[in-house]
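1. Pasting the sequence and the predicted model now:
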Amino acid sequence: QVQLVESGGGLVQAGGSLRLSCFASGNTGGIDSMGWYRRTPGRQRELVARTISGGQTHYGDFAEARFSIFADFIKKTVDLQMNNLRPEDTGVYYCNADGLHMLPAWGQGIQVTISS
């Protein structure tokens, strides 16, 4: 089983930046992708950014040019750098890890609030 712990959320003004961090522990040997999803008011959970070990990175349309994902598959960490934040980015952000022979793992979620 994989446990994910998120940190770095909080309150920031519009136009500001935040960096979210996530650390995986437990049976992490099978992890080959890590990423971030979010749930914003009135919307279903959606992809923010996801990266596959040695391969591709995918961003949600809203994240292109503003957000960057950094994963270390040796340390089993994934960071999300968010710049030029907007009030509509307010929501709960979830770390995710996935791979072969494992169930997808989710963090508990971390609140991000952007004030206008």
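-> Looks like it came in fine. Numbers count the residues shown, from 1 in each chain.

2. Gln13 - nearest residue in space that isn't next to it in sequence?
-> Counting by C-beta to C-beta, 6 or more residues apart in numbering, Gln13 lies nearest to Ser115, which is 5.3 Å off, once chain neighbours are set aside. Bear in mind the C-beta positions are built from the backbone N, C-alpha and C, glycine included.

3. For that neighbour, give me its contacts.
-> In this structure, Ser115 makes contact with Leu11, Val12, Gln13, Ala14, Pro87, judged by C-beta atoms under 8 Å, 6 or more residues apart in numbering.

4. swap in Arg66?
-> If you count contacts by C-beta under 8 Å, 6+ apart, Arg66 has them with Met82, Asn83, Asn84, Leu85.

5. Kindly report the same for Arg45.
-> Contacts for Arg45 were tallied using C-beta under 8 Å, 6+ apart; they are Tyr37, Arg38, Arg39, Tyr94.

6. Dig out what the most centrally placed residue in the chain forms beta bridges with.
-> The residue lying closest to the centre of the chain (C-alpha atoms, centre = their mean) is Trp36, at 2.3 Å. Under DSSP bridges, the beta-bridge partners of Trp36 are Ala49, Cys95.

7. follow-up on the earlier one: what remains of the contacts of Arg45 if I keep only buried residues?
-> Tyr37, Arg38, Tyr94 (16 or more other C-beta atoms under 10 Å).

8. and those residues as TSV, adding pLDDT?
-> Output for these, formatted as TSV (pLDDT from 0 to 100):
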residue	pLDDT
Tyr37	98
Arg38	98
Tyr94	98
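
9. and which of these is nearest to Leu4?
-> Tyr94 (8.5 Å; C-beta to C-beta).
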